[in-house]
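1. Prediction below, plus the sequence it came from.
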Amino acid sequence: MKSGVAILAAPLLMACVGAARAHEGDPMGELGWLSGSWASEHEGSWVEEHWTAERGRLMLGVGRSGAAGKPTSFEFLRIEPGEDGTPVYLAAPGGGEATPFRLVEAGAASAVFENPAHDFPQRIRYWREGDRLFAEISAIDGSNAIGWSLTLAE
């Protein structure tokens, strides 16, 4: 019986190893550290972001914030390959038209997206440290930065 289980498990293991290798060098797959449900609460105000894992070369996200038990804003988000394959972060505040921000820098647990032609923000930066996600929006030169710190929700 044990050998039967091993024989059945081998193809599954190989598929998992193959899927992991498929993400090596793929900027979309390398953004997986962003996936999860993230939240922060401070003095009655709250912020949430929820990101799906990459699948089919697409990550979907939604963000919302509020205070005193009422929402103050929401945003639909997605990351998908641009025409040249470089990931593009598309933000649609309030469900409006999406604004694109191109990935310009990425690390093992960080990403910077930019759109110098946009009024504000022009730069969106994320980085992760353990179970904390940091997000920052700013002008292209990093000025006028506004940041958030969120914790991975269980």
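-> It's in. Numbers count the residues shown, from 1 in each chain.
2. Show me where this structure dips below the pLDDT cut-off.
-> Residue ranges of the chain with pLDDT under 70: 1-25, 154.
3. Tell me where it has strands.
-> Here the chain has its strands, by DSSP state E, at 36-42, 45-51, 59-67, 70-81, 87-93, 99-107, 110-114, 123-129, 132-138, 146-152.
4. Which residues outside the shortest one are in contact with it?
-> The contact list for strand 110-114, computed with CB atoms under 8 Å, 6 or more residues apart in numbering, reads 31, 34, 87-89, 101-106, 122-128, 140. C-beta coordinates here come from the backbone N, C-alpha and C atoms, glycine included.
5. let's go with 10 Å and repeat that
-> Contacts with strand 110-114, where a contact means CB atoms under 10 Å, 6 or more residues apart in numbering, come from 27, 30-31, 33-34, 79, 87-91, 100-106, 121-129, 134, 136-138, 140, 142.
6. Weed out the non-buried ones from those residues.
-> Buried by 16 or more other CB atoms under 10 Å: 27, 30-31, 33-34, 79, 87-91, 101, 103, 106, 121-128, 136-138, out of these.
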